Every structure is written in structure tokens, then in C-alpha cells.
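[1] Output the structure for:
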Amino acid sequence: MIVEKQFQKASILFDNDKSDKTSTQIELDTNEYPSQEYYDFMIFLGKNSEQEKSVYFSSMILATSLCSFKDAYKEAYNLAKKLVKINGNDIDNWEWLLFFYDLPDKVMTHKELQDVLINIFKIDRNNQKATNFLNNYFTKEEKSFILLYDTFNFSLYI
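    Modelled structure (predicted):
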């Protein structure tokens, strides 16, 4: 269905697959044979679904197996931001955003990273991944601001 560009049918099949057979097959196919059809489908699936599983999967495949395609990291990052809009209480969704800071394409700004860290610390004050980013990428003054911002529990949303 994907090769024939029947994206609507393929996305319904994907969303309704409780066994994960479809996602496993797509992952294998995109690793072995990355193609424009799969790239287009991942963007279609991620943009047209409101299911966490579908949006995360699309973002992950674009950022890994299909990362050599033009704007793949940017598209994956936009889907990762959509993911936290769907469920901003899931720490895994916020941690997935951290992946996008160190990429060669520079899709995430320093300010966006700061906002992500604040949101992670709001959920888990002792989060190790966020602490590592804080220690590796921020000055002492910036760290103080982030930790202070979190203490007052201001709401930030990217």
C-alpha cells in the first residue's frame, strides 16, 4: 500500500495494528530499502494521526532510517513537538525531543532546549537525561534560571 501511495489505507492499517507487525515491517523495510514512498508515508502518518504511537513512530523512523532524506530531521522534530502536545505528561515524549539538539542539521535552538528541560524537570526533578544536558550545554547562570524557573512551576510549552 505504501509503495502504491495508498497512504490513507496504510495509516488505518498501522493505527489499528495492535500486534506491531506493521510497524516492525516498516522499520525493517526502511532500514533495508529507504525510499521516497516511505519518507512521504511517515510524514503523512505523523501529520494526520493524533495517536501517540503513530506520531512517535513516524518521528523515530524519519530521524533514524530515513534521516538521509532532505528535511527528515526537521520533519521528525516537528512530529516530536506534536507528540508533547498530544501527551505532555509522558516524560518519554519530552526526552525524545532531547535527541534533536545535537544533530548536524541544528533543528532545535538553545532556547527550545531550555524550554524542554524545564518541562522535563517539572515532571521529574531528578531526571538524569535532562541533568546531563543541563550540565553539558548550559552556563552556570543558565542552569540557575532553568532550575529556578522549574521551582516556581511556570508553564512553558513549545
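
[2] Which secondary structure element is home to the spatially most central residue of the chain?
    Central residue of the chain (CA atoms, centre = their mean): residue 80, 2.7 Å from the mean position. With elements delineated by DSSP states H and E, residue 80 resides in helix 72-86, which encompasses its position.

[3] Pull the residues that contact that helix.
    Judged by CB atoms under 8 Å, 6 or more residues apart in numbering, the contacts made with helix 72-86 from elsewhere in the structure are 39, 42-43, 46-47, 50-52, 55-56, 58-60, 62-63, 66-67, 93-94, 96-97, 99-100, 103, 105, 107-108, 119, 157-158. All C-beta spots, glycine's among them, are computed from the backbone N, C-alpha and C.

[4] domains in the protein, as residue ranges please.
    Per the record's domain assignment (automatic domain parsing), the chain is made up of the domains 1-87, 109-158.

[5] buried ones in the host helix or strand of residue 26?
    Secondary structure from DSSP H and E places residue 26 in helix 21-32. For helix 21-32, the neighbour count (16 or more other CB atoms under 10 Å) marks 22, 23, 26, 27, 29, 30 as buried.

[6] ok, the fifth one to residue 125 distance?
    Separation of residue 29 from residue 125 (CB to CB, to the nearest Å) stands at 41 Å.

[7] Then the first one?
    Per CB to CB, residue 22 is found 38 Å from residue 125.

[8] now do the third one
    Plainly put, residue 26 is 37 Å away from residue 125 if you go by CB to CB.

[9] Equivalent analysis for residue 113, please.
    Counting by CB to CB, the gap from residue 113 to residue 125 is 18 Å.

[10] same thing with residue 55?
    27 Å.
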